[in-house]
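Colleague: A structural model of the following input is requested.
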Amino acid sequence: MAEIQMHNKDGAAAKISLKKALEIEPQNLEVIALLGRLHMELNEIDEALSFFQQLPVEKLLADSADYTSPSSRNIIDAFVRKGRIYRDQGKLDAARDAYSQVLLIAGKHFEGCLHSQVDPEVKRLVEDATYLIAAITHKEGNIVGAILHYRRCLLKPVFEFSPSAQRRVLKKMGRMLVRQTAGEYIPLHSDPNSAYYIPRDCIEEGLLVLLLLEDNMHQLVLRDDHTISDRTLIAYDDIAIGLFKRGSYRKAVQIYERLLGHHYNDVYYWFQFALALYSARKYRRTLFVLKKCIDMTQNNFSYLLLAGKICVNFLHEFSLGIEYAQKAVEFGEISQAKAYHVLGVAYSKQSTKARTREERLELQKKALEALIKANEINPQDHLILLHLALQHAIVREIPAAFAAVKASLRLNETAEGWNLLALLLSSQKKLSEAVIICDTAFQNFQDENLIMTKAKLEKILKLRDVALETLKQATELWKKKDVYQQKRIYQEEDLTEQPTDLRSIESQSVKGDDAEMDKKSIIQHTMSVYSDDLEHSAEHVRGVGRVEVWVLAAQLFIELGQSKDVRECLQEARQISAFHPDILFSEGLLLEFQNSPAAAAEVYERVLCIDAGHVKSLIKLSNLAHAHGRDAVLAEKYLTSAVRLEPENYEVWELLGRLFSAKGEAQKAAECFSVAVDLEATAPILPYHKIEMVL
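Modeller: You can find the predicted model right below:
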């Protein structure tokens, strides 16, 4: 009677009926539970809680109950409501205890019953309690506890979860694992011989959970012919984040390609797609997608900055990078530091491609001004300071370069910073100190460039055997890096070797009218129109670095007179890059050492066919032409070309001065010697541009 009255919203009559029932049977737990529920519905919270607190948990766990009667449902409902009151009052521990009691009571009362015999409302209450225990644990900041609770409920639920409840738990657990864990594994079973599959880390477990959810949703779509909702699609976003954390960037790209079919006008998914492409080293395609993002938002600082960074770092489209950076400068002051940084690096790199001296000097000036401005806005950015130091060094402002690189190292020690410091010391002819810097820095940074700088310093100091030992360290470093790279490839292909099952997304793919076809064509454009010629840029750079090590070893063996070892080193270099100009150049050096100048000259000419800007070959050809009585005009032509390519190379100016002196042109010779002396006073043992400015 009371339940009917409560259903009809007749609270007063229901209260009278329940009080009469309680007078007749004071220990009737169902009546107590209903009274608490009635007071709660009447917003009499304190009275409701007093009735709920009268329900004895120990008695309920000791007694058996008829799971087909409504009494169990009402009692379980009372504990759920008690938990809700505590949660609203901020008493999270008491709320969690109330929900835990729901699971204990339900497990006792419905033990051994058939799934079909349980009241659907009881199932819903138990599912809510299960979810809320984890939600409270998570809210308290105990992510591990929440994950462990979800695991236990999935392994041994009180009742078999309904499909919707299972999806809810899988979604929350998967999202928590991929977004809020650091990657370590959270153990559940202490038994090492457990029959359960144990994922390697939380990210893998999260991906497995989300892929199970994806399959669950796919079956739902096929069975009920549902459309894909935003709640369904969010699971794919979580899967992509998990793939990002595992380093499986290409799989993440595949997911966002399909998601764009449903979120074509959502710039968030376009930007996520761009980040996935960027992580997968698809730089040209990334730039195309970022242009789409910029068009959709009428410029955005993050999009402009990333576009500029890609243009400068990877595509070498410096003018376009400058354009993006200049637009980004228009944003707030803190943001301006990053924008000026990109602008300065772009100008600096563009200056290396300048056709005239005036153009180069103007670009170097702009680079220095932009980097100084970036440093003024954010003086605590170590990378801005490092690039500022490098730009000061390039324009031969050595004291300013020293001050900036030391400030950068104080903020954050980097291999590039120590390498620049060593080169600056070498420019002041403090070679022994530079060797010590390289040796000390290599202990902390296993960097090939430090090895090359140290070996070059030892070569100049005539410590050839020591330099060869230094280069051996590079080969040991390669082995470590190759093992790490192979491990990353394994992780990329292991968990999601087969493409993620996104048939539910494909079933909604764009088709039909012209507007929809336009969407499809734009997405496909990112796949086909731009060849991804820089996809393996990192591998290319690594290969070039290894060639340089073998070439330097070959040149050391030439000085030691060990021709056999020279050929072995050059053969190793050819296996990495068969047409690298420095390999041919070293063959020319060997021929000169073997007193075959004509053959050496032919080799140097072949080097210029591969790389017309190879200054060392131009110098050698000039020396050979001048020394062996060949055309002095040809020797001057070679040196003039070399000066145009490397105007800071003091050796070229000195040779040009000697050439003019031999021709009797004393004034020109004096001018060249004067430039050579000035440049030699601040010349490092390796060009400063060997330390690349990378944003």
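Colleague: Let me know the pLDDT of residue 183.
Modeller: pLDDT, residue 183: 66.
Colleague: Number the residues from 18 up from this point.
Modeller: Sure, I'll start numbering at 18, so the last one becomes residue 200.
Colleague: Residue 413: what's it in contact with?
Modeller: Going by Cβ atoms under 8 Å, 6 or more residues apart in numbering, residue 413 touches 665, 696, 699. Just so you know, the C-beta spots here come from the backbone N, C-alpha and C atoms, and that holds for glycine as well.
Colleague: Residue 591 now?
Modeller: By Cβ under 8 Å, 6+ apart, the contact list for residue 591 reads 597, 600.
Colleague: again, but for residue 162
Modeller: residue 154 are the contacts of residue 162 under Cβ under 8 Å, 6+ apart.
Colleague: cool, and residue 384?
Modeller: 361-365, 368, 408.
Colleague: now with 10 Å?
Modeller: Contacts for residue 384 (Cβ atoms under 10 Å, 6 or more residues apart in numbering) come out as 360-368, 404-405, 407-408, 411-412, 710.
Colleague: residue ranges with poor pLDDT in the stretch 518-667 of the chain?
Modeller: Confidence mapping of the stretch 518-667 of the chain against pLDDT under 70 gives the ranges 518-561, 645-647.
Colleague: meant to ask about the stretch 168-317 of the chain
Modeller: Short version for the stretch 168-317 of the chain, where the test is pLDDT under 70: 200, 205-213, 235-251.
Colleague: One more pass at 50, please.
Modeller: Flagging of the stretch 168-317 of the chain using pLDDT under 50 yields the residue ranges 242-243.
Colleague: May I ask which helix or strand encompasses residue 360?
Modeller: helix 350-368 (DSSP states H and E).
Colleague: Also residue 214?
Modeller: Counting by DSSP H and E, residue 214 is part of no helix or strand.
Colleague: Can you give me the neighbour number for it?
Modeller: Each residue near residue 214 was counted by other Cβ atoms under 10 Å, and the total is 7.
Colleague: Also the one 3 residues further on?
Modeller: For residue 217, the count of nearby residues is 14 (other Cβ under 10 Å).
Colleague: Tell me the spatial nearest neighbour of it, not counting adjacent residues.
Modeller: Residue nearest to residue 217 in three dimensions, not counting chain neighbours: residue 202, with 6.7 Å by Cβ to Cβ, 6 or more residues apart in numbering.
Colleague: Which residues are in contact with the nearest residue to residue 95 once chain neighbours are set aside?
Modeller: Nearest non-adjacent residue to residue 95, counting by Cβ to Cβ, 6+ apart: residue 50, 3.6 Å away. For residue 50, the contact set (Cβ under 10 Å, 6+ apart) comprises 68-69, 71-72, 88, 90-96, 98-99.
Colleague: Assign a three-state SS to residue 50, would you?
Modeller: Taken by DSSP: H, G, I helix; E, B strand; the rest coil, the conformation at residue 50 corresponds to helix.
Colleague: hang on, the earlier thing: determine how far the helix holding residue 360 lies from the middle of the whole chain.
Modeller: Computed by Cα atoms, centre = their mean, to the nearest Å, the separation of helix 350-368 from the middle of its chain amounts to 21 Å.
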